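Student: predicted structure and sequence below. I'll ask about it afterward.
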Amino acid sequence: MTRRCQPIPRSGAPFDGPPLAGSATVWCDQVILRGRESVTGPVPLADCAPDAQTRLTEPRAPICGLAMDRPRIMGVLNVTPDSFSDGGDHATLTAAVARARQMAGDVDILDIGGESTRPGADDVTIADEIRRTSDVIAALRAAGVETPISIDTRKARVAEAALDAGADMVNDVAAFTFDPELADLVAERDVPVCLMHAQGRPDTMQNDPRYDDVLLDVMEFLDDRIAFATSRGIARERIVTDPGIGFGKTLEHNVTLLRNLSLLHDLGLPVLLGVSRKRFIGTIGRADKAKDRMAGSLAVALHGTQQGAQILRVHDTYETRQAIRLQQAMMEREI
């Protein structure tokens, strides 16, 4: 039975092994071999098959023109009335544009969404989602904002309107399971796409989620969706992966995925981590309100960078940028 190669990330000097996924600050020289029947290791990375070594160490292709050798920040802008953390804060065009321009100096990518996918959320009509997002994107481009923009949507027509308005990337929390035609659009426009794991739909996903093995189940799902994407004509180097923290997962599932986040590097693609202000942070950190979870969000974001995650999707952009700058300075390779 095939086993996954999970790199053991090491941060900072001395660099005694190859960079993990081309990272400038995280490297690895050992792996854990993880299967459904057994887990073994650590074993030397050099003992792994050449293709496994390549998957774990080769630099990832740029996304939206951004090199993936260092952590990149994706700033969250929800133009919705009901998102779990900032619902209603940016529901007007003026407020959304003002917040996006404020974030632009701190982020590498702006992620704009017009439909809440929080647990229990209902679907939004295509017309409403287009109205909420495409006008904001067009206004940002008209204002001279050049920061790459990602459209956070599950729907092809919404993504099409956003790309026409000036978006550069698609972030699909359903990984083309909600609207397979979205894959055709991404292939036609040749834009990057993030494929996220989720179990169930937003309105039901937290109703007793179960897994045989959450790590391997998530990996198999992402393998399947990557294969679907490439079968529809999407170049593999255009794909980003996301384990979907909080999407159809219990506290234990979330923590297990975060502890073993480096396993996703075995897919050979960039890893996006979206944990900002999520419920599990409040549960562990004893913070009921989403906006009181900044400190916990920073802690998990920094853990993610030490696991080699390339993109961090966050609400508190200024604070995250400052924290990462300090962390990276302390982890840089000595000269």
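Tutor: Everything's here; your move. Numbers count the residues shown, from 1 in each chain.

Student: following element in sequence after the host helix or strand of Arg141, please.
Tutor: Using DSSP states H and E, the element containing Arg141 is helix 126-142. Next along the chain after helix 126-142, taking DSSP H and E as the criterion, comes strand 149-152.

Student: from the contact counts, what lies against that following strand?
Tutor: strand 109-113, helix 126-142, helix 156-165, strand 169-172 (3 or more C-beta pairs under 8 Å, 6 or more residues apart in numbering; DSSP states H and E). Just so you know, the C-beta spots here come from the backbone N, C-alpha and C atoms, and that holds for glycine as well.

Student: who does it pair up with?
Tutor: Strand 149-152 pairs in its sheet with strand 109-113 (parallel), strand 169-172 (parallel), by DSSP bridges.

Student: hmm, who's touching it?
Tutor: 64, 74, 109-115, 133, 137, 140, 158-159, 162-163, 166-171, 173, 194 (C-beta atoms under 8 Å, 6 or more residues apart in numbering).

Student: show the average pLDDT along it.
Tutor: Across strand 149-152, the average pLDDT comes to 98.

Student: and for stretch 60-79?
Tutor: For stretch 60-79, mean pLDDT rounds to 96.

Student: ok, the closest residue to Val191 other than its chain neighbours - contacts?
Tutor: Excluding its sequence neighbours, the residue lying closest to Val191 (C-beta to C-beta, 6 or more residues apart in numbering) is Met169, at 5.7 Å. Met169 sits next to Ile63, Cys64, Ile109, Pro148, Ile149, Ser150, Ile151, Val191, Pro192, Val193, Cys194 when contact means C-beta under 8 Å, 6+ apart.

Student: so what does the lowest-mean-pLDDT helix or strand in the chain touch, helix or strand wise?
Tutor: Least confident element among the helices and strands of the chain, by mean pLDDT, DSSP states H and E: helix 93-104 (a mean of 88). Applying 3+ C-beta pairs under 8 Å, 6+ apart, one finds that helix 93-104 contacts strand 72-78, strand 109-113, helix 126-142.

Student: with just CA atoms, put the longest one into PDB.
Tutor: Coordinates of each C-alpha in helix 126-142 appear next as PDB, following Å, rounded to 0.1, in the frame of the first residue of the first chain:
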ATOM      1  CA  ILE A 126     -25.400  34.300  -8.200                       C
ATOM      2  CA  ALA A 127     -26.700  37.800  -8.900                       C
ATOM      3  CA  ASP A 128     -26.200  38.900  -5.300                       C
ATOM      4  CA  GLU A 129     -22.700  37.500  -5.100                       C
ATOM      5  CA  ILE A 130     -21.700  39.100  -8.400                       C
ATOM      6  CA  ARG A 131     -23.100  42.500  -7.200                       C
ATOM      7  CA  ARG A 132     -21.200  42.300  -4.000                       C
ATOM      8  CA  THR A 133     -17.800  41.400  -5.400                       C
ATOM      9  CA  SER A 134     -17.300  42.600  -9.000                       C
ATOM     10  CA  ASP A 135     -18.100  46.200  -8.300                       C
ATOM     11  CA  VAL A 136     -15.500  46.200  -5.400                       C
ATOM     12  CA  ILE A 137     -12.900  44.700  -7.700                       C
ATOM     13  CA  ALA A 138     -13.500  47.100 -10.500                       C
ATOM     14  CA  ALA A 139     -13.400  50.100  -8.100                       C
ATOM     15  CA  LEU A 140     -10.100  48.900  -6.700                       C
ATOM     16  CA  ARG A 141      -8.600  48.600 -10.100                       C
ATOM     17  CA  ALA A 142     -10.000  52.000 -11.100                       C
END
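
Student: which strand residues bridge Leu77?
Tutor: Here Leu77, judged by DSSP bridges, has bridge partners Ile112.

Student: is it true that Arg70 touches Val26?
Tutor: No. Arg70 is beyond contact range of Val26, at 9.8 Å (criterion: C-beta atoms under 8 Å).

Student: quick check on those two: which one has the bigger neighbour count.
Tutor: Ranked by neighbour count (other C-beta atoms under 10 Å), Arg70 and Val26 place Val26 first, with 26 against 17.

Student: and the gap between that one and Leu312?
Tutor: Separation of Val26 from Leu312 (C-beta to C-beta, to the nearest Å): 14 Å.

Student: quick check: neighbours shared by the two?
Tutor: Thr305.

Student: distance check, Arg10 against Ala142.
Tutor: Arg10 sits 46 Å away from Ala142, going by C-beta to C-beta.

Student: between these two, which is the more surrounded one?
Tutor: Shown here are Arg10 and Ala142; by other C-beta under 10 Å, Arg10 has more neighbours (18 against 11).

Student: contacts only, for that one.
Tutor: Asp16, Gly17, Val26, Trp27, Cys28, Asp29.

Student: Gly113 now?
Tutor: Per C-beta under 8 Å, 6+ apart, neighbours of Gly113: Val76, Leu77, Asn78, Val79, Thr80, Ser83, Thr133, Ile151, Asp152, Thr153, Asn171.

Student: on that earlier part again, closest to Leu272 among the contacts of Arg10?
Tutor: Closest to Leu272 out of these is Val26 (15.8 Å), distances taken as C-beta to C-beta.
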